[in-house]
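**Q** fold the following, please.
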Amino acid sequence: MRVLLMLVLCLWITACSSTPEESSGYDAAVAADGGRQIVRTASIRMEVKEVTPAVETVQGWVSELGGYIESQDSSSESRAHLVCHVPANGREKFIDQIKTLGELMSESLSAQDITNAMTDLDAELSNLYRLRNRMKALVERANEIDDILSIERELNRIQSRIDYLEQTERNNKKSVAFTKVSLALDVKETRGPLGMLFHGLFWTVGKLF
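**A** Sure thing, here's the model as predicted:
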């Protein structure tokens, strides 16, 4: 009975682990990519006049799109770094918004197709679910204490593997549904007349050598 209760609890936790919003975002992202499961990331560096107002603006955009900020380092008034996650269908809008903050210094985009990996993961989970059901049936028929304990140990091992794979699946789906954008913000350097003179001099020397 203890084993069966444990299994029911694990299944209930799994069923409640993802929100409808995440599921719908994942389905929309997969549909937009023709049924493929693509993890997309972006890395952008911008120069802005002031960092703090730019950070606050980005926070507002992320919130409006229904995304979230994984981390933020803005301890300096001249530099900030944010790791943002925005719904895949709002990725292009968000990146376009970022480019209005100031001067674009660098931008890189990447995409990883995890469709085959997810198919393999689903197949392994299906096999483990069937194995778990067979072990549950054995528990109901077992009479000897040693047999029960042995089956319980095997059930625990199977359940641990299922929990790990289900968490991996949830993480992968979230990565598909939300694009990760690493954003670096730096204060735009303002050169005075003397600074411009030295900048031009160094540029000329560099060309000569």
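**Q** mind listing what the residue positioned nearest the centre of the chain touches?
**A** Nearest to the geometric centre of the chain sits Ser175, at 3.9 Å (Cα atoms, centre = their mean). Listed by Cβ atoms under 8 Å, 6 or more residues apart in numbering, the contact partners of Ser175 are 39, 114. All C-beta atoms are positioned from the backbone trio N, CA, C, and that covers glycine.
**Q** please identify which helix or strand holds it.
**A** helix 145-177 (DSSP states H and E).
**Q** now do the buried residues in that helix.
**A** 151-152, 155, 158-159, 162, 166, 169, 172-173, 175-177 (16 or more other Cβ atoms under 10 Å).
**Q** check stretch 109-128 too.
**A** Neighbour counts over stretch 109-128 (16+ other Cβ under 10 Å) mark 114, 118, 121, 125, 128 as buried.
**Q** contacts for stretch 93-104?
**A** With Cβ under 8 Å, 6+ apart, stretch 93-104 has contacts from 42, 44-49, 54, 57-58, 61-62, 65, 67, 84, 86, 107, 179, 181, 183, 185, 188.
**Q** if we go to 10 Å?
**A** 42, 44-51, 53-55, 57-58, 60-62, 64-65, 67, 84, 86-87, 90, 107, 109, 179, 181, 183, 185-188 (Cβ atoms under 10 Å, 6 or more residues apart in numbering).
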